[in-house]
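Enquirer: Provided below are the primary sequence and the corresponding predicted coordinates.
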Amino acid sequence: MTPSSQCLRDHFLISMPHLNDQNFSQTVTYICDHSEYGAMGIVVNRPVGITLSELCDHLNLHCPSIANQQQEIFSGGPVRNDRGYVLHKATDPVEWASSHCIADNIYLSTSMDAIEAAAEGRFNHDYLIALGCAGWGPGQLEQELSDNAWLSCPANSDILFSIPVGERLQAAASTLGINLDLLTAHSGHA
C-alpha cells in the first residue's frame, strides 16, 4: 500500500460482473485488515449450505440455542477454509480469547469459544460465522482494484448483518448509486 492509497479496513469489496473467479464472482467481501503487508477479508454473501447446528455437530459442540441453530454458515474465502471466523457486533468489551476490533463495534473473533457463544445464544443476531477467509499479499488488492476487478465502499452493518444474503451484493453497490445489473460483464480499456 502506498502512502497515498486508501486503507480499506471496514469497507466492502464488491465484485465486478466481469470478475471470473469461482471464489469471488458475485460476492461482497468485508475487509477486516488492510496494510502495506496485504489485506484480509470475509465474503459475507456466500452460504456454504450448512447451519450452525450442523457445524456444531461436526465440532462435537452442543447447540442449545434454538434461535441460532438454523443460522447459515458462510464461505469466507479460499484461505484457511478449515478455520472458523465469527464476525460480530459488540457494545461491551469482548470476552472471547481471540477477538480483534475492526471498527467501532465490529469485531472478528477466531477462537472456538466465540463459536460456542453463538451456539449457546450469547450473541444477539448481529453476527455471522464463516469458514475460511480471503487474503491478498502486499500490493495485490491495490492491483486488482486498479484492474477494475472490484468496487469498494464503506461498510454498513445493516448490509453486513440484517439484509438477506441474496440482496447483500446489490445493497452494497446501491450505496455507491450503482445497479450491478446495468454494468457489462465485459471489461475493457479506453
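Expert: Great, that's in hand. Numbers count the residues shown, from 1 in each chain.
Enquirer: distance of Thr29 from Asn68?
Expert: 24 Å (C-beta to C-beta, to the nearest Å). (C-beta placed from N, C-alpha, C; glycine too.)
Enquirer: again, but for Ser35
Expert: Taken as C-beta to C-beta, the spacing of Ser35 relative to Asn68 amounts to 33 Å.
Enquirer: list the residues that contact Ala171.
Expert: Taking C-beta atoms under 8 Å, 6 or more residues apart in numbering, we find Ala171 in contact with 156, 159, 163.
Enquirer: for the spatially most central residue of the chain, give me the pLDDT.
Expert: Centroid check for the chain by C-alpha atoms, centre = their mean gives Ile42 as the closest residue, at 2.8 Å. Listed pLDDT for Ile42 reads 97.
Enquirer: strand partners (parallel or antiparallel) of the helix or strand that it is a member of?
Expert: Ile42 is located in strand 38-43, with elements delineated by DSSP states H and E. Neighbouring strands of strand 38-43 in its sheet, by DSSP bridges, are strand 28-35 (antiparallel), strand 127-136 (antiparallel).
Enquirer: of those, which is nearest His11?
Expert: strand 28-35 (5.0 Å; C-beta to C-beta).
Enquirer: alpha carbons of the closest one, as PDB, please.
Expert: Provided in PDB are the C-alpha atoms of strand 28-35 (Å, rounded to 0.1, in the frame of the first residue of the first chain):
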ATOM      1  CA  VAL A  28     -19.300  -8.900  -1.400                       C
ATOM      2  CA  THR A  29     -16.300  -9.100   0.900                       C
ATOM      3  CA  TYR A  30     -15.900  -7.300   4.200                       C
ATOM      4  CA  ILE A  31     -12.300  -6.100   4.600                       C
ATOM      5  CA  CYS A  32     -11.100  -6.800   8.200                       C
ATOM      6  CA  ASP A  33      -7.500  -5.700   7.700                       C
ATOM      7  CA  HIS A  34      -5.500  -3.800   5.100                       C
ATOM      8  CA  SER A  35      -2.000  -2.500   5.400                       C
END
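Enquirer: going along the chain, name the strands of the chain.
Expert: In the chain, the segments counted as strands under DSSP state E are 11-15, 28-35, 38-43, 47-51, 72-75, 79-89, 99-103, 106-109, 127-136, 150-154.
Enquirer: compare those strands and give me the one nearest Thr175.
Expert: Thr175 sits nearest to strand 150-154 of all these, at 5.1 Å, using C-beta to C-beta.
Enquirer: just how off-centre is the closest one within its chain?
Expert: In this view, strand 150-154 has its centroid 13 Å away from the chain centroid, taken as C-alpha atoms, centre = their mean, to the nearest Å.
Enquirer: what inclination does it have with respect to strand 99-103?
Expert: Between strand 150-154 and strand 99-103, the angle comes out at 90 degrees (axes from the mean of the first three to the mean of the last three C-alpha atoms, to 10 degrees).
Enquirer: circling back: who has more neighbours, Ser35 and Asn68?
Expert: The residue with more neighbours, out of Ser35 and Asn68, is Asn68; 22 against 11, by other C-beta atoms under 10 Å.
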